Each structure stands twice: as C-alpha cells, then as structure tokens.
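A.B. asks: how does the following fold in three dimensions:
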Amino acid sequence: MTLPAPVERLWQDLEGVRGDLLREVEGLSQAQADWRPGERDWSIGEIVDHLTIAEVNTGKLTTKLTREAPAGGWPADLTAVRPLPQDPPGQAEAPPVVWPSPGKPLGDLVAAMKAARARSRQSIERLATVDPRGLTFKHFRLGELDLAQWWLLQARHDGLHLAQIRDVKAAPGFPRE
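C.D. replies: Below is the predicted model:
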C-alpha cells in the first residue's frame, strides 16, 4: 500500500530507529542481555521486551480507534504528523502494563520484536486510511494524543531506549563476552 507522505515519513522514522536498535543488540550473549548496571536498572533484554510490549499496545490501540473511525482516508490538509507535547520534567516511570519480564532468551525477544513490527505495518496502513486528529487516547504522562502521535511516540520511545541500551553496554562491569 502506498502511504500518504506524512505516514510514510512516520514509518521511515519507526523503521530507522528500530534498525539501529536491532543492530545494537545483534550478537549479544544471553549474559550480556541479562546484565543490569544497577539493582533498579533494566537489562538490555528487559528494554527489548518493554519496547515490544509498548508497540503491541499501540497496535491494539490503533485497531480499537480505527474500528470506530469514519472512513475517508488521510486528510489532504494534514501534511505532517502533529508534534508530540514536551515531556514533563523528571524521570519517567513506565506504567505496569508495559513492564518487562527478566530472563527471557534474547533470541525470543528479538523475534517477538520483529514480529510486532511486521504487525505494526498493518496498523500504519490502517492509520493511513483515517483522519487521526479525532482519534485520541490519553497517555499517562503526555495527556491526550491523537493516533498518529501515538506512533510518533513509539519512534521517540525506541530512540530513548536505544540510548539506554548504549549506556548499558558502556557501563563499567558490562560483560565483554
């Protein structure tokens, strides 16, 4: 399916950061995937699990909201996805619905992440068939976001956790096996 330009840019952003993230975890051992820099920190495996859970939930939200949406296609006057609101100050704490589980095999986590992204393409194609501005759902930290913004958030979220993965790999004590 050919996507409207704003949705195509969004998809390219999603794919770009996900590719970087997958390259960052490629070749890690299970010990490296399970290692935590501190008692309260997530491991790389947990980060991958968390991102997959969040993406699956965004896909479910897309299904719910587009099911209720009037047909009509992406509106011609919407030439870009609306920007996300500024993050509130302070550290973000993930809500329990997207908490990861420790100790999962890294190969399984990566496979689940790739499968979620394949399903997300279908969600992005559904997004391209509606006006996202009226399809909103409240984010626990950012407030009301429209459906396109939820996917923009997914790309930003991947980027934030990509940096976190790089920090874990650079932390003193990270296994070098």
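
A.B. asks: and Pro15, what pLDDT?
C.D. replies: No, residue 15 isn't Pro; it's Glu. Glu15 carries a pLDDT value of 98.

A.B. asks: residues touching the helix or strand hosting it, excluding its own?
C.D. replies: Assigned by DSSP states H and E, Glu15 falls within helix 5-25. Around helix 5-25, the neighbours that count as contacts under C-beta atoms under 8 Å, 6 or more residues apart in numbering are 3, 33, 44, 48, 51, 74, 78-81, 106, 110, 113-114, 117, 120-121, 124, 127-128, 148, 151-152, 154-155, 158-159, 161-162, 165-166, 169. C-beta here means a position set from N, CA and C on the backbone, and glycine is covered the same way.

A.B. asks: quick one: the strands in the protein?
C.D. replies: 136-139, 143-146 (DSSP state E).

A.B. asks: would you turn the ones you listed into a markdown table with mean neighbour count and distance to Ala92?
C.D. replies: A markdown table is the format used below for the strands of the chain (neighbours: other C-beta atoms under 10 Å; distance: least, C-beta to C-beta, whole Å):
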| stretch | mean neighbour count | distance to Ala92 |
| --- | --- | --- |
| strand 136-139 | 14 | 11 |
| strand 143-146 | 15 | 14 |
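
A.B. asks: possible to save those as TSV with mean pLDDT and distance to Glu15?
C.D. replies: TSV is the format used below for those (pLDDT from 0 to 100; distance: least, C-beta to C-beta, whole Å):
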stretch	mean pLDDT	distance to Glu15
strand 136-139	97	22
strand 143-146	97	21
